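1. fold the following and give me the result.
(chains A and B)
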There are 2 protein chains.
Amino acid sequence: MNQPSLGPARWEKLGVESRLKTRVFEVTGVQYRHGPRGTTREFSVIQAPDWVNVLAVTPEGRCVLVRQFRYGIDEFSLEIPGGIMEAGEDPVAAGTRELVEETGYSGTSARLLGSVHPNPALQANRCHLVLVEDARLTHPLGWDEDEEIEVSTMPVDDVFALARRGGITHSMVLDAFFLFAPEWEAMRVRCGR
Amino acid sequence: MNQPSLGPARWEKLGVESRLKTRVFEVTGVQYRHGPRGTTREFSVIQAPDWVNVLAVTPEGRCVLVRQFRYGIDEFSLEIPGGIMEAGEDPVAAGTRELVEETGYSGTSARLLGSVHPNPALQANRCHLVLVEDARLTHPLGWDEDEEIEVSTMPVDDVFALARRGGITHSMVLDAFFLFAPEWEAMRVRCGR
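-> Numbers count the residues shown, from 1 in each chain, chains lettered A, B, ... in the order given. Okay, the predicted model is just below:
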């Protein structure tokens, strides 16, 4: 019955049940049926709103960075700004909002670099990566209750080098760098780097 | 009491309680105390073994890819091979093992490109990214029960271009591409690309 030559089979989703709700995600048990095999299994899937991360570049070609304590790794982490999108919010609008809220920076242009899946095996949501050019410090800071954020800027080339030697480890932040790299090759000339 | 000029405070971990166990991860409630504020809060942290992903390049400069159905996104996903590390396993050994198990390919050299955090805000584990050069089809396939994997190869430059236009969306796979990009610039000459 199984025909490997046709490639992997699409599993059929039969139902979803909640297993645990937390403030920022929900774990669900998803029943899947494998058509060709006729078997049914439950897989655990983490549901969460979409996330957004913002790569903001100043007119001098510096990247806006945030450093904060992260409970997941029980350690400080250097990242680009980001957060949880609100229901119905546009990714670029959400990125622009998070950038201002966390750093006080805003730019004259903002657009989507791309959208990734944090973990296709276990998570349903996406993370959107937004580029903001001509970023400048324009707003007073407005932190969330749980956020304590140290803001800095660093030349984009130094940020890439730091990331490649392990100084920036957040997977979705590195995704933004991968998507941005070809554009930076063009931008750096304009930034006089 | 709060002294923002000193930068973000390190939260003190007081204790960890299990909230949910699944086959591939556990959700814990972690009690943290914020020293300067004197407040205590619980944060949800996803615990899992470390993961590994393998960027395998053939002598012709092609990247080994796998396509499989992913329950998290309820969709097929094109990725580099990878999986869950075994307890005490070395990342490079794990990567070499996963590459052979999923694709039948092996190489003459293997080394760590870098290690990332899938999500510092919510997860404790790391994902190790391994480079294998001179990868060739050398072994018969040995799939896990839940794996149905379609193996292919594609020129590295085409893989990068596909990823940048949204055809590869797995965040940790894109991390491997970011870390590998400068090395590829040197390798491509040897591969005659």
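2. and the angle for the longest helix seen in chain A with helix B:171-190?
-> The residue-count maximum for a helix in chain A (DSSP state H) belongs to helix A:171-190. Interaxial angle, helix A:171-190 versus helix B:171-190 (axes from the mean of the first three to the mean of the last three CA atoms, to 10 degrees): 50 degrees.
3. let me know the pLDDT of residue A:144.
-> Note on residue A:144: pLDDT of 58.
4. just checking, residue A:10 touches residue B:70?
-> No - between residue A:10 and residue B:70 there is no contact under CB atoms under 8 Å: 10.8 Å. To be clear about C-beta, it is placed using only N, CA and C from the backbone, and glycine gets the same treatment.
5. which phi and psi does residue A:122 have?
-> With angles defined as degrees, to the nearest 10, residue A:122 sits at phi -130, psi -20.
6. correct me if wrong: it contacts residue A:47.
-> No - using CB under 8 Å, residue A:122 makes no contact with residue A:47, being 10.4 Å away.
7. of the two, which one has the most company?
-> Higher neighbour count among residue A:122 and residue A:47: residue A:122, with 23 against 16, using other CB atoms under 10 Å in any protein chain shown.
8. distance of the more buried one from chain B?
-> Residue A:122 sits 5 Å away from chain B when distances are taken as CB to the nearest CB, to the nearest Å.
9. would the longest helix of chain A count as contacting chain B?
-> Yes - Helix A:171-190 is in contact with chain B by CB under 8 Å from any CB of the partner chain, via A:171-172, A:174-175, A:177-179, A:181-182.
10. just the buried members of those residues?
-> A:171-172, A:174-175, A:177-179, A:181 (16 or more other CB atoms under 10 Å in any protein chain shown).
11. any idea how chain A splits into domains?
-> Residue ranges for each domain of chain A read A:4-47, A:51-190, as given by automatic domain parsing.
12. residue A:151 pairs with what?
-> With DSSP bridges as the criterion, residue A:151 is bridged to residue A:66.
13. so it sits against residue A:102, correct?
-> Yes - proximity of residue A:151 to residue A:102 meets the contact threshold set by CB under 8 Å, at 7.4 Å.
14. residue A:10 and residue B:70: which is more packed in?
-> Just comparing residue A:10 and residue B:70: by other CB under 10 Å the higher neighbour count belongs to residue B:70, 22 against 14.
15. quick one, phi/psi of that one?
-> phi -120, psi 120.
16. overlap in contacts, residue A:151 and residue A:102.
-> A:66, A:141 (CB atoms under 8 Å, 6 or more residues apart in numbering or on different chains).
17. so where is chain A shaky, pLDDT-wise?
-> A:1-6, A:142-147, A:193 (pLDDT under 70).
18. spit out the residues that contact residue A:10 and residue B:70 alike.
-> Joint contacts of residue A:10 and residue B:70 (CB under 8 Å, 6+ apart) are residue B:76.
19. greatest separation within the residues of helix A:171-190 next to chain B: which pair is it?
-> The distance between the two most remote of the residues of helix A:171-190 next to chain B (CB to CB) is 19.7 Å, for A:171 and A:182.
20. have a look at chain A and report its longest strand.
-> strand A:11-21 (DSSP state E).
21. so which residues of chain A form helices?
-> Going by DSSP H, chain A shows helices at A:91-103, A:156-164, A:171-190.
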